[in-house]
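K.L.:
Okay, here's the prediction I keep looking at, along with the sequence it came from:
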Amino acid sequence: DGFHQKYCNLVHNLQEMYSFEYDMKEELERLDEYKGQIQDMVMDTVHFVNSSIRAGRTVLAEGANAALLDIDFGTYPYVTSSPTTAGGVCTGLGIPPTKIDSTIGVVKAYTTRVGAGPFPTELEDQVGQEMRDVGHEYGTTTGRPRRCGWLDVPVVQYGHMINGYQSLNITKLDVLSGLNTVKIGTKYKVNGETLPYGMMPSTLDGLARVEVEYEEMDGWMCDISEAQDFNDLPKNAQAYLRRIEELVGVEISWVGVGPGRTEMATQGFEAQYS
């Protein structure tokens, strides 16, 4: 297939530039071994996925990162290197936009951020630390603590504007269960003026200067991990979720009430097909 020759040409070119020795034979033998292990797994995935759609199969695509880490619509330069919003399904998988039936927003019951960058609702106090500890908000590989804060509704509104959610999945509601009161960041103000729905400051400096308007609500000091239906949740938890629905304008269909896969309270969901 010409790979060996291309590989050798590349190594020779690099050796001429940087003067180093390298065991090409050993690496080619190792790569040939890998090829034998994975060759049957390699296919034309664009054709496979689109053929599956034409055959009436359900295709579920999961975004790997949050909307504000999108390279085009996120808080650049504190972003990843690819599209993380719903448009990435089209550019990454080769699926036509007209084939996307439904987009579901997955949102934590509070807000987190990894690394540097403006974080308007960040809590640098004991409440933020409690969210971090109860929610196990530490990097899986590095162990680096994630920054935690109250739910930032303007960010969720912005995500909805870009992605067009048919429904929301609120995760980790149980993390807030030990708090007497909870807050929701409902609006951004810049120079005393409230930004309209979906508008984000155009620069990092602007985002760092926003003032957040909060609403405070009563908490629910009880275990919610056994809830399977929305109505099983404490009234104050239900009120918290209803307020999120009102502010974002999207129905919540799933609520994470514990760390387990089955620890989910639901209130039904029906995909909206055009």
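P.N.:
Nice, thanks for sending it over.
K.L.:
how about residue 106, what does it touch?
P.N.:
63, 168-169, 171 (CB atoms under 8 Å, 6 or more residues apart in numbering). The C-beta positions use only the backbone N, C-alpha and C, and glycine is treated the same way.
K.L.:
closest to residue 100 among those residues?
P.N.:
Among those, residue 63 lies closest to residue 100 (CB to CB), at 12.6 Å.
K.L.:
Can you say which helix or strand has that closest one in it?
P.N.:
Residue 63 belongs to no helix or strand when assigned by DSSP states H and E.
K.L.:
Skipping adjacent residues, who's closest to it in space?
P.N.:
Sequence neighbours aside, residue 84 is the residue nearest to residue 63 in space, at 5.4 Å (criterion: CB to CB, 6 or more residues apart in numbering).
K.L.:
again, but for residue 164
P.N.:
residue 103 (5.5 Å).
K.L.:
Now that the one you found has come up, it's in contact with residue 168, right?
P.N.:
No. The criterion here is CB atoms under 8 Å, and residue 103 misses it with residue 168 at 10.5 Å.
K.L.:
Which one of these two is surrounded by more residues?
P.N.:
Using other CB atoms under 10 Å as the criterion, residue 103 and residue 168 rank with residue 168 on top: 24 against 19.
K.L.:
The more buried one bridge partners, please.
P.N.:
Judged by DSSP bridges, the bridge partners of residue 168 are residue 105, residue 252.
K.L.:
separation between it and residue 214?
P.N.:
20 Å (CB to CB, to the nearest Å).
K.L.:
Check what pLDDT the residue nearest the centre of the chain gets.
P.N.:
Geometric centre of the chain, nearest residue: residue 66, 2.9 Å, by CA atoms, centre = their mean. We have a pLDDT of 90 for residue 66.
K.L.:
And the strands in the stretch 1-150 of the chain?
P.N.:
Along the stretch 1-150 of the chain, the stretches classed as strands by DSSP state E, counting those that start in this stretch are 104-108, 111-113, 147-149.
K.L.:
so which of the ones you listed gets nearest residue 26?
P.N.:
Of all those, strand 111-113 comes closest under CB to CB, at 43.5 Å.
K.L.:
show me the contacts for residue 250.
P.N.:
105, 160, 165-168.
K.L.:
Give the full set of residues in contact with residue 238.
P.N.:
By CB under 8 Å, 6+ apart, the neighbours of residue 238 are 230-231.
K.L.:
and if you look at the one 3 residues further on?
P.N.:
Counting by CB under 8 Å, 6+ apart, residue 241 touches 170, 173, 230, 233, 252, 255.
K.L.:
Return the list of strands paired to the longest strand anywhere in the chain, each annotated with direction.
P.N.:
The residue-count maximum for a strand in the chain (DSSP state E) belongs to strand 181-190. The strands beside strand 181-190 in its sheet (DSSP bridges) come out as strand 151-152 (parallel), strand 193-194 (antiparallel), strand 211-218 (antiparallel).
K.L.:
mind putting those strands in TSV, distance to residue 238 and mean pLDDT included?
P.N.:
Converted to TSV, the strands paired with strand 181-190 look like this (distance: least, CB to CB, whole Å; pLDDT from 0 to 100):
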stretch	distance to residue 238	mean pLDDT
strand 151-152	15	98
strand 193-194	27	96
strand 211-218	11	98
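K.L.:
for the stretch 151-274 of the chain, what spans make up the helices?
P.N.:
Ranges of helices in the stretch 151-274 of the chain, per DSSP state H, counting those that start in this stretch, are 153-163, 204-209, 235-248.
K.L.:
out of these, deepest packed?
P.N.:
When you average the neighbours per residue for each of the helices of the stretch 151-274 of the chain (mean count of other CB atoms under 10 Å), helix 153-163 leads with a mean of 22.
K.L.:
What angle do strand 211-218 and that helix make with each other?
P.N.:
110 degrees (axes from the mean of the first three to the mean of the last three CA atoms, to 10 degrees).
K.L.:
Go ahead and name everything in contact with helix 153-163.
P.N.:
With CB under 8 Å, 6+ apart as the criterion, helix 153-163 contacts 67-68, 70, 73, 85-86, 103, 105, 107, 111, 165, 168, 184-188, 195, 197-200, 244, 247-250.
K.L.:
please redo it, this time with the cut-off set to 6 Å
P.N.:
With contacts defined as CB atoms under 6 Å, 6 or more residues apart in numbering, helix 153-163 is touched by 67, 73, 85-86, 103, 107, 184-186, 188, 197-198, 200, 247-248, 250.
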